[in-house]
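Novice: Okay, sequence plus prediction incoming.
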Amino acid sequence: MSTRLGIIGGGAAGLMAAVQALRLNMDVTVLEGGSRAGKKLSATGNGRGNFTNLALSLDKYPGIDTAFLQAAFSCFDQYDAVAFFESIGVYARLRNGYVYPRSEQASALTAALLAEFGRLGGKLVTDCKVTALQRTRDGFSVTAAGQQSFVFEKLILAAGGKTASKTGSDGSGFALARSLGHEIVRPVPALAGLAFRSSTLANAAGVRTEAAVSLNVGGVETHREYGELQITEQGISGIPVMHLSRYAARALAEGKKVEAVIDLLPEWDDAEAWKIIKECDDYSGIVNARLMKALPRNRDGFLKMCKRYPVAVTGIRDPETAQVTCGGVSLKEADPLTMASKKVKDLYLAGEVLDVDGRCGGYNLQWAWTSGTLAAYGAAGKPCVHHEPDPALVRRLEQAEVADRRR
Ligand SMILES: Cc1cc2nc3c(=O)[nH]c(=O)nc-3n(C[C@H](O)[C@H](O)[C@H](O)COP(=O)(O)OP(=O)(O)OC[C@H]3O[C@@H](n4cnc5c(N)ncnc54)[C@H](O)[C@@H]3O)c2cc1C
């Protein structure tokens with residue numbers, strides 16, 4: 001008789017764990033709180049589904065236990081993810097190392113996972129929001145909304161983090177983990193914009209410009225990021241801001257004063273910028289004309305604000321639009337090779353419910369694939385062994401890269 005495995009959460013990590021566990025001959029039931037599985041997955045990458053990145057490395061997960069990640073990725077990495085998706089009919093398209101389905105539709109990832117899940121005989125129960133878990137003598141007793149109850153021998157908790165709650169990840173996974181004795185690193189939104197209450201920068205709402213953005217916490221610069229800055233009426237956004245947001249959110253949650261200092265001319269140091277500005281009568285060839293509404297007209301003031309535009313950060317701008325949660329079940333309480341809980345026998349954890357968040361670029365979904373796979377192998381009691389990528393797959397990726405460069 002195959003082991004009865006329950007998976008809480010039919011998101012990216014839960015569906016990956018389910019398919020891998022079915023391939024390992026387990027009897028798998030996914031309990032999904034929403035009306036359908038994979039809602040968030042189908043919305044990723046602006047609907048195009050940036051599902052991994054060939055440049056996967058530990059520094060794409062700043063602040064996360066590197067030994068833990070190294071161990072996990074050494075079993076299942078970006079090539080394994082690409083090979084897995086090929087095995088269910090999703091071929092890769094590359095853009096600068098960012099990997100998308102060839103159809104450039106995130107929904108293709110969900111559809112392919114669900115098709116394989118159904119083909120292998122997995123059971124999916126939707127509208128089944130788990131409200132309580134109990135460890136019993138033989139496994140787990142699971143209670144869900146509507147008086148539903150289930151019994152499993154093993155359990156994978158893959159209920160996501162606390163972001164984009166309309167996709168179902170409302171933080172209830174943390175409450176369930178806590179109820180079983182797990183320590184939760186305080187969850188805060190990450191990969192989000194930053195809000196200001198009032199700033200003259202709001203006069204330049206709508207502008208997108210290359211910039212360096214530094215984060216000052218309690219008056220000390222802690223992090224700096226480069227990229228396209230987006231200015232809105234309520235705050236700042238864009239890739240550099242998103243990458244800073246995990247630190248800003250954490251500092252604000254701790255009651256610290258947070259400031260973003262924007263360098264609108266990051267390619268020039270102060271002396272170079274001054275030399276150029278001194279020779280110009282009109283700055284419209286230097287900065288976007290609409291930015292002028294937020295900048296002083298005199299040369300000294302213009303230079304000063306171009307190089308160091310301070311913005312007092314009051315919070316995360318629209319936390320519901322954050323892409324990921326920073327925080328979750330402490331990695332000290334999980335085994336990096338099997339995702340087994342160190343607190344509760346036969347419990348495994350996968351995806352964002354764990355304290356792992358990555359940068360933009362496919363790294364958060366890669367974590368869902370890696371941790372989902374390892375949890376399935378862990379629950380099946382089998383080691384997940386990394387294989388060198390198939391040369392034919394590497395060739396296809398090289399061809400996709402060439403096609404990308406031609407575009
Ligand atoms: C708009 C947006 C775009 C993104 N784009 C990208 C991208 O391009 N690339 C990338 O790498 N990452 C991206 N991400 C992040 C990525 O989607 C997540 O990191 C990933 O989906 C996490 O997978 P998960 O399975 O842990 O959680 P989720 O995908 O959130 O799945 C959790 C599931 O658990 C269910 N659930 C929750 N609580 C319960 C409960 N109590 N009982 C039963 N079920 C429950 C939820 O309904 C949900 O279906 C994006 C995120 C957002 C919001």
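Specialist: Sure, I can see it.

Novice: got the domain boundaries for this protein?
Specialist: When the chain is parsed with automatic domain parsing, its domains come out as 4-189+325-406, 193-319.

Novice: What residue in the stretch 1-150 of the chain comes nearest to the ligand?
Specialist: G11 (1.8 Å; C-beta to the nearest ligand atom). Just so you know, the C-beta spots here come from the backbone N, C-alpha and C atoms, and that holds for glycine as well.

Novice: all strands in the stretch 51-200 of the chain, in order from the N-terminus.
Specialist: With DSSP state E, counting those that start in this stretch applied, the stretch 51-200 of the chain shows strands at 52-53, 92-95, 98-101, 123-125, 130-135, 140-144, 148-152, 154-157, 184-190, 193-195, listed in chain order.

Novice: OK, contacts around whichever residue of the stretch 201-350 of the chain sits closest to the ligand?
Specialist: Proximity to the ligand, evaluated over the stretch 201-350 of the chain using C-beta to the nearest ligand atom, is greatest for Q323 at 3.8 Å. Taking C-beta atoms under 8 Å, 6 or more residues apart in numbering as the criterion, Q323 is in contact with 163-164, 190-192, 242, 360, 364.

Novice: again, but for N203
Specialist: N203 makes contacts with 293-294, as judged by C-beta under 8 Å, 6+ apart.

Novice: Surely it forms part of a helix?
Specialist: Yes: in this structure, N203 lies within a helix as judged by DSSP: H, G, I helix; E, B strand; the rest coil.

Novice: Give me every residue in the stretch 251-400 of the chain that's in contact range of the ligand.
Specialist: 323-324, 351-352, 362-365, 368 (C-beta under 6 Å from any ligand atom).

Novice: how about a markdown table for the residues you listed, with secondary structure and pLDDT added?
Specialist: Written out in a markdown table, the entries for these read as follows (DSSP: H, G, I helix; E, B strand; the rest coil; pLDDT from 0 to 100):
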| residue | secondary structure | pLDDT |
| --- | --- | --- |
| Q323 | coil | 97 |
| V324 | strand | 97 |
| G351 | helix | 98 |
| E352 | helix | 98 |
| G362 | coil | 98 |
| Y363 | helix | 98 |
| N364 | helix | 98 |
| L365 | helix | 98 |
| A368 | helix | 98 |
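
Novice: Output these in a markdown table; the columns should cover distance to G315.
Specialist: Below are these laid out as a markdown table (distance: C-beta to C-beta, whole Å):
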| residue | distance to G315 |
| --- | --- |
| Q323 | 17 |
| V324 | 17 |
| G351 | 26 |
| E352 | 21 |
| G362 | 27 |
| Y363 | 25 |
| N364 | 22 |
| L365 | 27 |
| A368 | 27 |
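
Novice: I'd like to know which elements the helix or strand where E259 lies is packed against.
Specialist: Secondary structure here is read from DSSP states H and E; on that basis E259 sits in strand 258-263. Packed against strand 258-263 by the contact rule (3 or more C-beta pairs under 8 Å, 6 or more residues apart in numbering; DSSP states H and E) you find strand 208-217, helix 239-253, strand 309-313.

Novice: mind saving the C-alpha coords of the last one as PDB?
Specialist: As requested, C-alpha coordinates have been extracted for strand 309-313 and formatted as PDB (Å, rounded to 0.1, in the frame of the first residue of the first chain):
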ATOM      1  CA  TYR A 309      17.400  63.000  -3.500                       C
ATOM      2  CA  PRO A 310      16.200  62.000   0.000                       C
ATOM      3  CA  VAL A 311      12.800  60.400   0.500                       C
ATOM      4  CA  ALA A 312      11.400  59.500   3.900                       C
ATOM      5  CA  VAL A 313       9.900  56.000   3.600                       C
END
